[in-house]
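J.: have a look at this prediction, sequence included:
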Amino acid sequence: MLVVALNALAACAQTATLSPGIPDWLQKIPPRTWASDVTANTLNNLHREGSFLRYRVHIVDAKSDRVREVIESRDGNVARLILFNGKPLTPEQDKAERDRLTAMLSDPSGFAKHARGDDSGKKIADQLIHLMPEAMNYTYVPGQPQTGHNPAVTEIVIDFEPNPKFHPPTTTAESLTGLRGRTWIDPQSRQIVRMEGTIFKGINFGWGMLAHIYPGGKLVYEQSDAGNGRWVYSKFVERISVRALMVKSLNISTDVDASDFKSIPSMSYQEAIQLLLSTPLPTK
């Protein structure tokens, strides 16, 4: 939920405050002008058709350190574990992965259920993006500090904070009321380059009965150009503390990096699985 919220926060802007340290030409452009384009591009990223990628995802959390190879098929994403805790898979681990993927080949309904889960996430993203104009206020950042990811491009830098007049219409939207931070936008593509968010006050879901996110949490989200105008996430960092169902508290620490993006032709999920199974595993 917070991942989607963070990805959506750069979508729209409400106000601009003229301030020293901001170029004159930029002060003449309301943040909403940039944000409107970012909104359209964010939605396009979520629902892009006819473009498919193969890439690696490196996930480090409290459970383990693992690398998966991911293939986007026209039916949904398919992934295979290729490294675990920094080491090649053991024969037992490899067999377990092969058995799991092979079972999916003969279970189209099961895979379709998995794909519908991804679609539900896209629907949440759509809802949050459309709420941004009223949920957040934005201002240009004096000095416009750059990420340095692409020295040839001068990014547009905007701070965001919740609009005190905003009343969340859904439980999901409550996640926007305690986040503030900073967004870097590529002015040529009008895409998010980086976003940093801080949970500055506690966030309740369902008046705290479903969950409560404690203040002090940090979120980082980055995107990169994967080619052919396709922008995808390349980094996500999450450091939050959550109390679930008023009982159990969890400290969540997750680092996700995506890399090695390659454009691929359209294929079915079965073809994607066969391609993953026929690819040799890393030996180190």
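T.: Thanks, I have the structure now. Numbers count the residues shown, from 1 in each chain.

J.: just give the nearest non-adjacent residue to S259, would you?
T.: R56 (5.6 Å; CB to CB, 6 or more residues apart in numbering). Bear in mind the C-beta positions are built from the backbone N, C-alpha and C, glycine included.

J.: so what's the one you found bridging to?
T.: Here R56 shows beta-bridge partners E69, S259, assigned using DSSP bridges.

J.: isn't it up against A258?
T.: Yes: counting by CB atoms under 8 Å, R56 touches A258, with 7.0 Å between them.

J.: more neighbours: the two, which one.
T.: Legend: neighbour count by other CB atoms under 10 Å for R56 and A258, higher for A258 (22 against 18).

J.: wait, what's in contact with the more buried one?
T.: Shown in contact with A258 (CB atoms under 8 Å, 6 or more residues apart in numbering): 55-58, 232-235.

J.: 6 Å instead, please
T.: 55, 57, 233-234 (CB atoms under 6 Å, 6 or more residues apart in numbering).

J.: give me every residue that touches T147.
T.: By CB under 6 Å, 6+ apart, T147 lies in contact with 184, 193-194.

J.: check the gap between it and E155 for me.
T.: To E155, T147 is 6 Å away according to CB to CB, to the nearest Å.

J.: overlap of the contact sets of these two?
T.: What both T147 and E155 touch, as defined by CB under 6 Å, 6+ apart, is the set 184, 193.

J.: and H212, backbone torsions?
T.: phi -140, psi 130 (degrees, to the nearest 10).

J.: neighbours of it, how many?
T.: 19.

J.: what's the answer for the one 3 residues further on, then?
T.: Here the neighbour count serves as a burial measure; for P215 (other CB under 10 Å) it reads 13.

J.: wait, it touches G202, no?
T.: Yes: in this structure, P215 is within contact of G202 by CB atoms under 6 Å, at 5.4 Å.

J.: need the worst-confidence member of the contacts of A258.
T.: Ranked by pLDDT, the contacts of A258 bottom out at Y233, which scores 90.

J.: from T90, how far out is it?
T.: From Y233 to T90 the distance is 30 Å (CB to CB).

J.: higher neighbour count, those two?
T.: Between Y233 and T90, counting by other CB under 10 Å, Y233 is the more crowded of the two (18 against 10).

J.: which of the helices or strands spans the more buried one?
T.: In this structure, Y233 sits in strand 231-244 according to DSSP states H and E.

J.: how about G197?
T.: Using DSSP H and E, the element containing G197 is strand 191-199.

J.: strand 231-244 and that strand, what's the angle between them?
T.: With axes from the mean of the first three to the mean of the last three CA atoms, to 10 degrees as the basis, strand 191-199 and strand 231-244 are set at 10 degrees to each other.

J.: which elements pack onto the following helix or strand past strand 191-199?
T.: Using DSSP H and E, the next helix or strand after strand 191-199 towards the C-terminus is strand 203-205. Applying 3 or more CB pairs under 6 Å, 6 or more residues apart in numbering; DSSP states H and E, one finds that strand 203-205 makes contact with strand 211-213.

J.: convert the C-alpha atoms of whichever helix or strand comes after the strand it packs on to CSV, please.
T.: Counting by DSSP H and E, the next helix or strand C-terminal to strand 211-213 is strand 218-225. C-alpha atoms of strand 218-225 as CSV (Å, rounded to 0.1, in the frame of the first residue of the first chain):
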residue,chain,number,x,y,z
LYS,A,218,11.5,6.4,5.7
LEU,A,219,10.7,5.5,2.1
VAL,A,220,12.8,5.9,-1.0
TYR,A,221,11.7,5.2,-4.6
GLU,A,222,13.7,5.6,-7.8
GLN,A,223,12.9,5.1,-11.5
SER,A,224,15.1,4.7,-14.5
ASP,A,225,14.7,4.6,-18.3
